[in-house]
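1. predicted model and sequence follow; I will ask about them next.
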Amino acid sequence: RNDERVLDAAATFLMSGEAPPAGSTASRDEPPALAVGINDPLRPVDSEHWGPLRRSASRADLVRYASATADFNPIHWDHDSATAAGLPGVVCHGLLLASWMFQSASRLRPGDRPLAEAKVRFKAPVVAAAACEISGTVADDTADLSLTAEGTECVTGRVVVTP
């Protein structure tokens, strides 16, 4: 139905107006446009602790995601813009990372709407083609999630699964 509310959302962005300190973020060579890490198939889970779900996005994937979401911020596709912003290179969209976490948690409950609410916190950028792992723990109807990339915890979250 078109009149049914599907999502309520709010966001808070905290950013500094200062330029990054010189040498604080080392630029890296961009991977080839189609380079990507492992993307695991989605399988149901049934335990309090579930193994990591591996995800990765190539630079080409990020351009397609930008097109689908109309988020054409050049830090997601242009190396020079990303490094000028103090990033090590092209970075993944935050909402793409959040969606990977929600995918992981949605495996806990069958059905069309397995999640009741979610909160995420972005702690560090994830560069294109980085190997990411999403893992979590469940207590009652709440799952605490963590997305790590190349050994760094980049995103944390908590979701409430539908009873």
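-> All right, it came through fine. Numbering: from 1, shown residues only.

2. tell me if residue 68 really is in a helix.
-> Yes - with DSSP: H, G, I helix; E, B strand; the rest coil as the criterion, residue 68 is part of a helix.

3. which strands or helices does whichever helix in the chain runs longest pack on?
-> The residue-count maximum for a helix in the chain (DSSP state H) belongs to helix 94-106. Helix 94-106 sits against strand 49-55, helix 59-69, strand 115-122, strand 132-139, strand 142-149, strand 152-161, with contacts defined as 3 or more CB pairs under 8 Å, 6 or more residues apart in numbering; DSSP states H and E. Any C-beta I mention is one placed from the backbone N, CA and C, and that applies to glycine too.

4. 7 Å - rerun?
-> strand 49-55, strand 115-122, strand 132-139, strand 142-149, strand 152-161 (3 or more CB pairs under 7 Å, 6 or more residues apart in numbering; DSSP states H and E).

5. what mean pLDDT does the shortest one have?
-> Yep, that's strand 49-55 we're talking about. Averaged across strand 49-55, the pLDDT comes to 82.

6. on that earlier part again, what angle do the longest helix of the chain and helix 59-69 make?
-> On the basis of axes from the mean of the first three to the mean of the last three CA atoms, to 10 degrees, helix 94-106 is oriented at 90 degrees to helix 59-69.

7. contacts for helix 94-106, please.
-> 42, 53, 55, 57, 65, 114-115, 118, 120, 122, 126, 132, 134, 136, 143, 145, 147, 155, 157, 159, 161 (CB atoms under 7 Å, 6 or more residues apart in numbering).

8. change it to 8 Å
-> Contact with helix 94-106 is made by 42, 50, 53, 55, 57, 62, 65, 69, 71, 114-115, 118, 120, 122, 126, 132, 134-136, 143, 145, 147, 154-155, 157, 159, 161, as judged by CB atoms under 8 Å, 6 or more residues apart in numbering.
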